[in-house]
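Peer 1: With the input below, show me the fold.
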Amino acid sequence: MSVYGRPNITPPSAPASDPVLVDTLPNGVRLLLLPYPGRATAEVSVFVRSGSMHESRALNGIGHVVEHMVFKGTRARDAGAINLDAERLGADVNAHTDKDHTAFHMRGLARDALTFVPMLAELVTTPTFPADELERERQVLLQEFVEDDDDPMAAAYRLFDTACYGLHPVAQPAIGRRATVERLQADDLRRWVERQFTGANLVLAAAGSIDPDAFRRAAEAAFGGLSAGTPHAVAAPDWRGGLRTRRLDAGSQTHLVLGYPLPPLTAADPIGELAAACFGEGMSSPLMAELRERRGLVYYAACAADVLDLCGEFVVEASFAADKLDELLPALTALLRAQAEADADPVTLERARNQLAVRWLRAHEKPARRLEAAALDLFALGRVRALAERLERLQAVDADAVRASFEHWQRRTPPAVALAGKLVRGVSERVHAALAPLQLGAPVPPDAVQPVDASAA
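Peer 2: Modelled structure (predicted):
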(Lines give C-alpha, C1' and ligand atoms only; values in the text may rest on other atoms or scores of the structure.)
Protein backbone atom coordinates (compact mmCIF):
# COMPACT_ATOMS: atom_id res chain seq x y z
CA MET A 1 0.00 0.00 0.00
CA SER A 2 1.40 3.37 -0.95
CA VAL A 3 2.20 5.76 1.88
CA TYR A 4 0.12 8.25 -0.05
CA GLY A 5 -2.97 6.08 0.27
CA ARG A 6 -5.27 4.92 -2.49
CA PRO A 7 -4.47 6.77 -5.72
CA ASN A 8 -7.00 8.30 -8.06
CA ILE A 9 -7.91 5.43 -10.40
CA THR A 10 -10.22 7.40 -12.68
CA PRO A 11 -8.95 6.71 -16.23
CA PRO A 12 -7.39 9.75 -17.95
CA SER A 13 -9.67 11.30 -20.53
CA ALA A 14 -9.04 12.98 -23.85
CA PRO A 15 -9.34 16.76 -24.29
CA ALA A 16 -12.92 17.97 -24.70
CA SER A 17 -12.39 19.10 -28.29
CA ASP A 18 -10.15 17.37 -30.79
CA PRO A 19 -10.61 19.11 -34.16
CA VAL A 20 -8.98 17.48 -37.16
CA LEU A 21 -9.83 18.81 -40.61
CA VAL A 22 -9.26 16.41 -43.52
CA ASP A 23 -9.72 17.20 -47.21
CA THR A 24 -8.60 15.69 -50.52
CA LEU A 25 -7.46 17.37 -53.73
CA PRO A 26 -8.67 15.97 -57.08
CA ASN A 27 -5.32 14.25 -57.65
CA GLY A 28 -5.55 12.37 -54.35
CA VAL A 29 -3.31 14.55 -52.19
CA ARG A 30 -4.83 14.54 -48.73
CA LEU A 31 -4.85 17.67 -46.61
CA LEU A 32 -4.71 17.46 -42.85
CA LEU A 33 -5.11 20.51 -40.61
CA LEU A 34 -4.92 20.64 -36.83
CA PRO A 35 -6.19 24.08 -35.76
CA TYR A 36 -4.38 25.70 -32.83
CA PRO A 37 -6.07 29.11 -32.44
CA GLY A 38 -3.80 31.73 -30.95
CA ARG A 39 -0.61 29.68 -31.26
CA ALA A 40 2.31 31.84 -32.39
CA THR A 41 4.15 29.07 -34.24
CA ALA A 42 3.06 26.55 -36.85
CA GLU A 43 4.26 23.33 -38.41
CA VAL A 44 3.78 22.16 -41.99
CA SER A 45 4.86 18.71 -43.15
CA VAL A 46 4.72 16.57 -46.26
CA PHE A 47 4.36 12.86 -45.57
CA VAL A 48 4.98 10.45 -48.44
CA ARG A 49 3.96 6.81 -48.20
CA SER A 50 7.35 5.68 -49.42
CA GLY A 51 9.93 4.11 -47.14
CA SER A 52 12.42 1.27 -47.15
CA MET A 53 9.60 -1.31 -47.29
CA HIS A 54 8.66 0.09 -50.70
CA GLU A 55 12.17 -0.37 -52.11
CA SER A 56 13.50 -3.35 -54.02
CA ARG A 57 16.56 -5.03 -52.55
CA ALA A 58 18.70 -3.53 -55.31
CA LEU A 59 17.47 -0.03 -54.46
CA ASN A 60 17.37 -0.30 -50.67
CA GLY A 61 18.47 3.09 -49.40
CA ILE A 62 17.39 5.20 -52.35
CA GLY A 63 14.65 6.90 -50.32
CA HIS A 64 17.19 7.91 -47.67
CA VAL A 65 19.45 9.38 -50.36
CA VAL A 66 16.52 11.29 -51.87
CA GLU A 67 15.58 12.65 -48.43
CA HIS A 68 19.07 14.14 -48.11
CA MET A 69 19.37 15.32 -51.69
CA VAL A 70 16.14 17.30 -52.11
CA PHE A 71 17.77 20.03 -50.00
CA LYS A 72 20.73 20.29 -52.39
CA GLY A 73 18.93 22.08 -55.19
CA THR A 74 15.65 22.56 -57.05
CA ARG A 75 14.73 24.10 -60.38
CA ALA A 76 14.39 27.48 -58.65
CA ARG A 77 17.05 27.49 -55.91
CA ASP A 78 20.40 26.02 -54.96
CA ALA A 79 21.22 24.56 -51.54
CA GLY A 80 22.40 27.90 -50.16
CA ALA A 81 19.20 29.69 -51.11
CA ILE A 82 17.03 26.86 -49.73
CA ASN A 83 18.67 27.17 -46.34
CA LEU A 84 18.84 30.98 -46.28
CA ASP A 85 15.22 31.50 -47.33
CA ALA A 86 14.03 29.30 -44.46
CA GLU A 87 16.40 30.83 -41.91
CA ARG A 88 15.37 34.39 -42.83
CA LEU A 89 11.92 33.41 -41.63
CA GLY A 90 13.37 31.87 -38.48
CA ALA A 91 12.10 28.51 -39.69
CA ASP A 92 13.52 25.07 -39.06
CA VAL A 93 13.66 22.66 -42.03
CA ASN A 94 14.15 18.95 -41.55
CA ALA A 95 13.28 15.51 -42.90
CA HIS A 96 13.38 11.83 -42.00
CA THR A 97 13.05 8.44 -43.67
CA ASP A 98 11.44 5.41 -42.03
CA LYS A 99 10.34 1.96 -43.10
CA ASP A 100 6.83 3.06 -44.06
CA HIS A 101 7.16 6.75 -44.98
CA THR A 102 9.37 9.74 -45.72
CA ALA A 103 8.61 13.18 -44.28
CA PHE A 104 9.71 16.76 -44.86
CA HIS A 105 9.02 19.47 -42.27
CA MET A 106 9.07 23.23 -41.80
CA ARG A 107 8.42 24.87 -38.44
CA GLY A 108 8.24 28.57 -37.79
CA LEU A 109 5.88 31.48 -37.19
CA ALA A 110 2.18 30.93 -37.81
CA ARG A 111 2.09 33.97 -40.09
CA ASP A 112 4.49 32.14 -42.47
CA ALA A 113 2.70 28.78 -42.51
CA LEU A 114 1.15 29.29 -45.94
CA THR A 115 4.58 30.23 -47.29
CA PHE A 116 5.94 26.90 -46.07
CA VAL A 117 3.51 25.04 -48.35
CA PRO A 118 5.09 26.08 -51.70
CA MET A 119 8.58 25.89 -50.20
CA LEU A 120 8.02 22.24 -49.27
CA ALA A 121 6.31 21.52 -52.58
CA GLU A 122 9.36 22.85 -54.40
CA LEU A 123 11.60 20.42 -52.51
CA VAL A 124 9.53 17.30 -53.18
CA THR A 125 8.31 18.05 -56.72
CA THR A 126 11.23 19.85 -58.41
CA PRO A 127 14.55 18.55 -56.98
CA THR A 128 17.41 18.57 -59.51
CA PHE A 129 19.95 16.35 -57.74
CA PRO A 130 23.09 18.20 -58.87
CA ALA A 131 25.91 15.76 -59.61
CA ASP A 132 28.54 17.61 -57.56
CA GLU A 133 26.21 17.81 -54.56
CA LEU A 134 25.40 14.11 -54.89
CA GLU A 135 29.08 13.17 -54.71
CA ARG A 136 29.60 15.28 -51.59
CA GLU A 137 26.48 13.95 -49.88
CA ARG A 138 27.42 10.40 -50.82
CA GLN A 139 30.48 10.70 -48.58
CA VAL A 140 28.32 11.94 -45.70
CA LEU A 141 25.95 8.99 -46.13
CA LEU A 142 28.79 6.48 -46.31
CA GLN A 143 30.10 7.81 -43.01
CA GLU A 144 26.69 7.04 -41.50
CA PHE A 145 27.25 3.40 -42.41
CA VAL A 146 30.59 3.37 -40.60
CA GLU A 147 28.99 4.72 -37.44
CA ASP A 148 25.97 2.42 -37.77
CA ASP A 149 28.11 -0.67 -38.30
CA ASP A 150 29.98 -0.06 -35.03
CA ASP A 151 26.83 0.38 -32.95
CA PRO A 152 25.71 -2.87 -31.24
CA MET A 153 22.13 -1.62 -30.84
CA ALA A 154 21.78 -0.67 -34.51
CA ALA A 155 23.38 -3.95 -35.60
CA ALA A 156 21.09 -5.96 -33.32
CA TYR A 157 18.00 -4.30 -34.72
CA ARG A 158 19.06 -4.99 -38.31
CA LEU A 159 19.54 -8.64 -37.42
CA PHE A 160 16.25 -8.68 -35.54
CA ASP A 161 14.35 -7.42 -38.58
CA THR A 162 15.84 -10.25 -40.65
CA ALA A 163 14.96 -12.78 -37.94
CA CYS A 164 11.37 -11.50 -38.01
CA TYR A 165 10.78 -11.36 -41.75
CA GLY A 166 13.70 -12.78 -43.70
CA LEU A 167 14.09 -11.15 -47.10
CA HIS A 168 10.72 -9.38 -47.09
CA PRO A 169 11.16 -5.64 -47.85
CA VAL A 170 9.80 -4.65 -44.42
CA ALA A 171 13.03 -6.07 -42.95
CA GLN A 172 15.17 -3.66 -44.96
CA PRO A 173 16.87 -0.84 -43.02
CA ALA A 174 15.79 2.73 -43.72
CA ILE A 175 19.45 3.73 -43.98
CA GLY A 176 19.76 1.29 -46.86
CA ARG A 177 22.80 -0.61 -48.06
CA ARG A 178 26.27 0.69 -48.68
CA ALA A 179 26.37 -0.78 -52.19
CA THR A 180 23.22 1.11 -53.15
CA VAL A 181 24.55 4.44 -51.92
CA GLU A 182 27.88 3.90 -53.68
CA ARG A 183 26.34 3.45 -57.13
CA LEU A 184 23.18 5.61 -57.25
CA GLN A 185 23.17 8.39 -59.83
CA ALA A 186 20.99 11.47 -60.26
CA ASP A 187 18.79 9.80 -62.89
CA ASP A 188 18.00 7.00 -60.43
CA LEU A 189 16.84 9.56 -57.90
CA ARG A 190 14.71 11.45 -60.45
CA ARG A 191 12.94 8.27 -61.56
CA TRP A 192 12.31 7.33 -57.92
CA VAL A 193 10.71 10.67 -57.08
CA GLU A 194 8.57 10.59 -60.22
CA ARG A 195 7.31 7.11 -59.39
CA GLN A 196 6.93 7.40 -55.62
CA PHE A 197 5.95 11.01 -54.87
CA THR A 198 2.41 10.92 -56.24
CA GLY A 199 -0.90 12.35 -55.08
CA ALA A 200 -2.35 9.06 -53.85
CA ASN A 201 0.67 8.63 -51.57
CA LEU A 202 1.06 12.14 -50.17
CA VAL A 203 -0.38 13.93 -47.16
CA LEU A 204 0.16 17.66 -46.66
CA ALA A 205 -0.31 18.29 -42.95
CA ALA A 206 -0.26 21.49 -40.91
CA ALA A 207 -0.80 22.50 -37.30
CA GLY A 208 -1.30 26.02 -36.06
CA SER A 209 -3.49 29.09 -36.30
CA ILE A 210 -4.14 28.61 -40.03
CA ASP A 211 -7.24 29.50 -42.05
CA PRO A 212 -8.59 26.24 -43.57
CA ASP A 213 -9.72 27.83 -46.85
CA ALA A 214 -6.40 29.60 -47.32
CA PHE A 215 -4.58 26.35 -46.56
CA ARG A 216 -6.54 24.49 -49.24
CA ARG A 217 -5.87 27.23 -51.80
CA ALA A 218 -2.16 27.12 -51.03
CA ALA A 219 -2.19 23.32 -51.29
CA GLU A 220 -3.99 23.36 -54.64
CA ALA A 221 -1.54 25.88 -56.06
CA ALA A 222 1.50 23.96 -54.82
CA PHE A 223 0.47 20.32 -55.24
CA GLY A 224 -2.49 20.37 -57.62
CA GLY A 225 -0.31 19.52 -60.61
CA LEU A 226 1.20 16.44 -59.03
CA SER A 227 0.56 13.13 -60.78
CA ALA A 228 -2.20 11.13 -59.05
CA GLY A 229 -0.53 7.72 -59.20
CA THR A 230 -1.88 4.75 -57.28
CA PRO A 231 -1.55 3.88 -53.58
CA HIS A 232 1.66 2.02 -52.84
CA ALA A 233 0.89 -1.54 -51.79
CA VAL A 234 3.18 -4.15 -50.25
CA ALA A 235 2.07 -7.68 -49.32
CA ALA A 236 2.09 -8.37 -45.59
CA PRO A 237 5.10 -10.41 -44.45
CA ASP A 238 5.05 -13.84 -42.87
CA TRP A 239 6.63 -14.13 -39.42
CA ARG A 240 9.76 -16.29 -39.38
CA GLY A 241 11.44 -16.13 -35.98
CA GLY A 242 14.81 -17.58 -35.11
CA LEU A 243 18.22 -16.37 -34.00
CA ARG A 244 20.74 -14.00 -35.60
CA THR A 245 24.07 -12.96 -34.10
CA ARG A 246 26.95 -10.70 -35.01
CA ARG A 247 30.24 -10.26 -33.18
CA LEU A 248 31.66 -6.72 -33.06
CA ASP A 249 35.24 -6.10 -32.05
CA ALA A 250 34.72 -2.63 -30.59
CA GLY A 251 33.39 -2.25 -27.05
CA SER A 252 32.62 -4.68 -24.24
CA GLN A 253 28.81 -4.65 -24.34
CA THR A 254 26.23 -6.94 -25.88
CA HIS A 255 22.80 -5.85 -27.12
CA LEU A 256 19.86 -8.26 -27.21
CA VAL A 257 16.57 -7.80 -29.07
CA LEU A 258 13.76 -10.34 -28.70
CA GLY A 259 10.26 -10.07 -30.09
CA TYR A 260 6.94 -11.53 -31.18
CA PRO A 261 4.47 -10.47 -33.88
CA LEU A 262 1.68 -7.97 -33.27
CA PRO A 263 -1.32 -6.95 -35.38
CA PRO A 264 -0.64 -4.16 -37.89
CA LEU A 265 -1.75 -0.56 -37.50
CA THR A 266 -4.83 -1.34 -39.59
CA ALA A 267 -6.14 -3.37 -36.64
CA ALA A 268 -6.05 -0.27 -34.37
CA ASP A 269 -5.50 -2.67 -31.47
CA PRO A 270 -3.74 -1.35 -28.32
CA ILE A 271 -3.11 -4.75 -26.73
CA GLY A 272 0.53 -4.87 -27.85
CA GLU A 273 1.29 -1.48 -26.37
CA LEU A 274 -0.46 -2.41 -23.13
CA ALA A 275 1.38 -5.73 -22.89
CA ALA A 276 4.69 -3.92 -23.43
CA ALA A 277 3.86 -1.35 -20.76
CA CYS A 278 2.83 -4.07 -18.29
CA PHE A 279 6.04 -6.01 -18.87
CA GLY A 280 8.72 -3.40 -19.31
CA GLU A 281 7.76 0.25 -18.95
CA GLY A 282 9.02 2.05 -15.87
CA MET A 283 11.35 1.04 -13.08
CA SER A 284 8.56 -0.85 -11.27
CA SER A 285 7.83 -3.09 -14.27
CA PRO A 286 8.88 -6.77 -14.03
CA LEU A 287 11.59 -6.33 -16.67
CA MET A 288 13.30 -3.43 -14.94
CA ALA A 289 12.57 -4.39 -11.34
CA GLU A 290 14.03 -7.89 -11.72
CA LEU A 291 16.81 -7.57 -14.29
CA ARG A 292 18.18 -4.16 -13.41
CA GLU A 293 17.13 -3.16 -9.91
CA ARG A 294 17.20 -6.50 -8.07
CA ARG A 295 19.83 -8.47 -9.99
CA GLY A 296 21.94 -5.85 -11.79
CA LEU A 297 22.14 -7.90 -14.99
CA VAL A 298 21.60 -5.06 -17.45
CA TYR A 299 22.48 -1.42 -17.61
CA TYR A 300 19.68 -0.72 -20.10
CA ALA A 301 16.43 -2.53 -20.85
CA ALA A 302 13.16 -1.55 -22.51
CA CYS A 303 9.99 -3.02 -23.93
CA ALA A 304 7.85 -1.49 -26.67
CA ALA A 305 5.31 -2.19 -29.38
CA ASP A 306 6.55 -1.20 -32.84
CA VAL A 307 3.56 -1.14 -35.18
CA LEU A 308 3.46 -0.37 -38.92
CA ASP A 309 0.57 -0.60 -41.35
CA LEU A 310 1.77 -4.05 -42.54
CA CYS A 311 2.86 -5.66 -39.30
CA GLY A 312 3.93 -5.08 -35.74
CA GLU A 313 6.37 -6.41 -33.15
CA PHE A 314 6.36 -6.72 -29.39
CA VAL A 315 10.02 -5.95 -28.66
CA VAL A 316 12.21 -6.51 -25.60
CA GLU A 317 15.76 -5.16 -25.68
CA ALA A 318 18.64 -5.11 -23.24
CA SER A 319 22.28 -4.02 -23.12
CA PHE A 320 24.58 -5.91 -20.79
CA ALA A 321 28.11 -7.16 -20.18
CA ALA A 322 28.80 -10.29 -22.24
CA ASP A 323 29.62 -12.39 -19.18
CA LYS A 324 26.05 -11.87 -17.89
CA LEU A 325 24.48 -13.75 -20.81
CA ASP A 326 24.06 -17.11 -19.06
CA GLU A 327 22.33 -15.48 -16.11
CA LEU A 328 20.29 -12.97 -18.08
CA LEU A 329 18.62 -15.30 -20.59
CA PRO A 330 17.02 -17.71 -18.08
CA ALA A 331 15.87 -14.74 -15.99
CA LEU A 332 14.26 -13.10 -19.03
CA THR A 333 12.67 -16.39 -20.06
CA ALA A 334 11.19 -16.83 -16.58
CA LEU A 335 9.74 -13.32 -16.64
CA LEU A 336 8.09 -13.88 -20.02
CA ARG A 337 6.73 -17.25 -18.94
CA ALA A 338 5.25 -15.67 -15.80
CA GLN A 339 3.29 -13.21 -17.96
CA ALA A 340 1.69 -16.14 -19.79
CA GLU A 341 0.80 -18.07 -16.66
CA ALA A 342 -1.07 -15.51 -14.57
CA ASP A 343 -3.11 -12.36 -15.13
CA ALA A 344 -1.41 -9.07 -14.38
CA ASP A 345 -2.46 -7.81 -10.96
CA PRO A 346 -4.79 -4.78 -10.86
CA VAL A 347 -2.03 -2.40 -9.80
CA THR A 348 0.22 -3.45 -12.70
CA LEU A 349 -2.63 -3.06 -15.18
CA GLU A 350 -3.55 0.33 -13.74
CA ARG A 351 0.08 1.47 -13.90
CA ALA A 352 0.45 0.37 -17.51
CA ARG A 353 -2.81 1.92 -18.68
CA ASN A 354 -2.01 5.24 -17.03
CA GLN A 355 1.54 5.28 -18.39
CA LEU A 356 0.22 4.71 -21.91
CA ALA A 357 -2.56 7.28 -21.50
CA VAL A 358 -0.11 9.91 -20.25
CA ARG A 359 2.25 9.16 -23.15
CA TRP A 360 -0.57 9.56 -25.66
CA LEU A 361 -1.81 12.74 -24.00
CA ARG A 362 1.67 14.25 -24.03
CA ALA A 363 2.06 13.36 -27.71
CA HIS A 364 -1.36 14.91 -28.34
CA GLU A 365 -0.03 18.18 -26.92
CA LYS A 366 2.91 18.20 -29.36
CA PRO A 367 1.83 19.29 -32.86
CA ALA A 368 4.66 17.49 -34.66
CA ARG A 369 3.82 14.18 -33.01
CA ARG A 370 0.11 14.62 -33.73
CA LEU A 371 0.76 15.41 -37.38
CA GLU A 372 2.83 12.28 -37.94
CA ALA A 373 0.40 10.00 -36.10
CA ALA A 374 -2.55 11.46 -38.01
CA ALA A 375 -0.80 11.11 -41.37
CA LEU A 376 0.06 7.46 -40.68
CA ASP A 377 -3.57 6.87 -39.68
CA LEU A 378 -4.67 8.29 -43.03
CA PHE A 379 -2.28 6.01 -44.90
CA ALA A 380 -3.26 2.87 -42.98
CA LEU A 381 -6.89 3.44 -42.00
CA GLY A 382 -8.12 6.15 -44.34
CA ARG A 383 -9.17 8.20 -41.31
CA VAL A 384 -7.68 9.85 -38.23
CA ARG A 385 -8.43 8.20 -34.91
CA ALA A 386 -9.59 10.50 -32.15
CA LEU A 387 -7.63 10.29 -28.92
CA ALA A 388 -10.86 9.53 -27.06
CA GLU A 389 -11.34 6.44 -29.24
CA ARG A 390 -7.82 5.20 -28.51
CA LEU A 391 -8.26 5.72 -24.76
CA GLU A 392 -11.61 3.92 -24.80
CA ARG A 393 -10.11 0.91 -26.59
CA LEU A 394 -7.21 0.91 -24.12
CA GLN A 395 -9.57 0.72 -21.15
CA ALA A 396 -11.42 -2.18 -22.77
CA VAL A 397 -8.33 -4.45 -22.73
CA ASP A 398 -8.38 -6.51 -19.54
CA ALA A 399 -5.74 -8.51 -17.70
CA ASP A 400 -6.88 -11.81 -19.21
CA ALA A 401 -6.39 -10.47 -22.75
CA VAL A 402 -2.85 -9.37 -21.90
CA ARG A 403 -2.01 -12.76 -20.39
CA ALA A 404 -3.56 -14.55 -23.38
CA SER A 405 -1.29 -12.60 -25.72
CA PHE A 406 1.83 -13.76 -23.89
CA GLU A 407 0.48 -17.31 -23.82
CA HIS A 408 -0.33 -17.28 -27.53
CA TRP A 409 3.14 -16.07 -28.46
CA GLN A 410 4.89 -18.68 -26.37
CA ARG A 411 2.69 -21.59 -27.43
CA ARG A 412 2.43 -20.91 -31.15
CA THR A 413 5.07 -18.43 -32.29
CA PRO A 414 8.85 -18.75 -32.37
CA PRO A 415 10.43 -15.54 -31.10
CA ALA A 416 12.83 -13.53 -33.22
CA VAL A 417 16.09 -13.00 -31.36
CA ALA A 418 19.20 -11.00 -32.23
CA LEU A 419 22.45 -10.36 -30.39
CA ALA A 420 25.26 -8.05 -31.46
CA GLY A 421 28.42 -6.79 -29.84
CA LYS A 422 30.82 -8.74 -27.67
CA LEU A 423 29.71 -12.38 -27.82
CA VAL A 424 30.86 -15.30 -25.72
CA ARG A 425 32.00 -18.56 -27.30
CA GLY A 426 29.13 -20.86 -28.29
CA VAL A 427 26.59 -18.04 -28.09
CA SER A 428 24.07 -19.68 -30.45
CA GLU A 429 23.90 -22.92 -28.47
CA ARG A 430 23.65 -21.01 -25.19
CA VAL A 431 20.77 -18.88 -26.47
CA HIS A 432 18.87 -21.85 -27.87
CA ALA A 433 19.22 -23.73 -24.60
CA ALA A 434 18.17 -20.81 -22.42
CA LEU A 435 15.22 -19.80 -24.58
CA ALA A 436 13.95 -23.33 -25.28
CA PRO A 437 10.84 -22.74 -23.10
CA LEU A 438 9.92 -19.90 -25.48
CA GLN A 439 9.92 -22.29 -28.46
CA LEU A 440 12.95 -20.75 -30.14
CA GLY A 441 13.75 -24.14 -31.63
CA ALA A 442 16.33 -26.87 -31.43
CA PRO A 443 19.96 -25.89 -30.82
CA VAL A 444 22.01 -25.35 -33.94
CA PRO A 445 24.95 -27.78 -34.26
CA PRO A 446 28.25 -25.94 -33.75
CA ASP A 447 29.53 -26.80 -37.21
CA ALA A 448 26.35 -25.37 -38.76
CA VAL A 449 26.66 -21.96 -37.16
CA GLN A 450 27.59 -19.45 -39.83
CA PRO A 451 28.60 -15.83 -39.27
CA VAL A 452 25.90 -13.36 -40.28
CA ASP A 453 26.77 -10.92 -43.03
CA ALA A 454 25.52 -7.65 -41.58
CA SER A 455 25.42 -6.05 -45.02
CA ALA A 456 22.74 -8.56 -45.99
CA ALA A 457 20.80 -8.27 -42.73
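
Peer 1: CA atoms for contacts and neighbours, from now on please.
Peer 2: Noted.

Peer 1: mind checking the backbone torsions on Pro231?
Peer 2: Reported as degrees, to the nearest 10, the phi and psi values for Pro231 are phi -60, psi 130.

Peer 1: and it, how many neighbours?
Peer 2: Neighbourhood size, Pro231 [other C-alpha atoms under 10 Å]: 16.

Peer 1: Now do the contacts for it.
Peer 2: Pro231 makes contact with Ala200, Asn201 under the criterion C-alpha atoms under 8 Å, 6 or more residues apart in numbering.

Peer 1: which residues of the stretch 201-350 of the chain fall in helices?
Peer 2: When secondary structure is read from DSSP state H, counting those that start in this stretch, the stretch 201-350 of the chain shows helices at 212-223, 271-280, 286-288, 325-341, 346-364.

Peer 1: For Arg411, which of those is the nearest?
Peer 2: With C-alpha to C-alpha as the measure, helix 325-341 is the member of the helices of the stretch 201-350 of the chain nearest Arg411 (9.4 Å).

Peer 1: Give me the contacts around that closest one.
Peer 2: Residues from elsewhere that reach helix 325-341 (C-alpha under 8 Å, 6+ apart): 279, 286-287, 291, 297, 403-407, 410, 430-431, 434-435, 437-438.

Peer 1: Show me the residues you listed that map onto helices.
Peer 2: Secondary structure defined by DSSP state H assigns Phe279, Pro286, Leu287, Arg403, Ala404, Ser405, Phe406, Glu407, Gln410, Arg430, Val431, Ala434 of those to helices.

Peer 1: Between these, which sits nearest Asp269?
Peer 2: Compare each of those with Asp269 using C-alpha to C-alpha and the shortest gap goes to Ser405, at 12.2 Å.

Peer 1: Can you give me the neighbour number for that closest one?
Peer 2: The criterion is other C-alpha under 10 Å. On that basis, Ser405 has 18 neighbouring residues.

Peer 1: With Arg75 instead?
Peer 2: Residues near Arg75, counting by other C-alpha under 10 Å: 12.

Peer 1: now do Leu141
Peer 2: For Leu141, the count of nearby residues is 18 (other C-alpha under 10 Å).

Peer 1: circling back to that earlier point, right, so of the helices of the stretch 201-350 of the chain, which gets closest to Val315?
Peer 2: If you check each of these against Val315 by C-alpha to C-alpha, helix 271-280 wins as the nearest, at 7.7 Å.

Peer 1: between that closest one and helix 325-341, how big is the angle?
Peer 2: Counting by axes from the mean of the first three to the mean of the last three C-alpha atoms, to 10 degrees, helix 271-280 points 130 degrees away from the direction of helix 325-341.

Peer 1: In terms of secondary structure, what does helix 271-280 contact?
Peer 2: The helices and strands touching helix 271-280, judged by 3 or more C-alpha pairs under 8 Å, 6 or more residues apart in numbering; DSSP states H and E, are helix 286-288, strand 300-307, strand 312-321, helix 346-364, helix 399-412.

Peer 1: let's see 7 Å
Peer 2: Here helix 271-280 is seen to pack against helix 286-288, strand 300-307, helix 346-364 when contacts are counted using 3 or more C-alpha pairs under 7 Å, 6 or more residues apart in numbering; DSSP states H and E.

Peer 1: For this structure, just list every one of the strands.
Peer 2: With DSSP state E as the criterion, the chain has strands at 21-24, 30-35, 41-48, 92-97, 102-109, 202-208, 242-247, 253-262, 300-307, 312-321, 416-421.

Peer 1: Quick check: buried residues in the shortest one?
Peer 2: Buried residues in strand 21-24, counted by 16 or more other C-alpha atoms under 10 Å: Val22, Thr24.

Peer 1: I appreciate the help and will end here.
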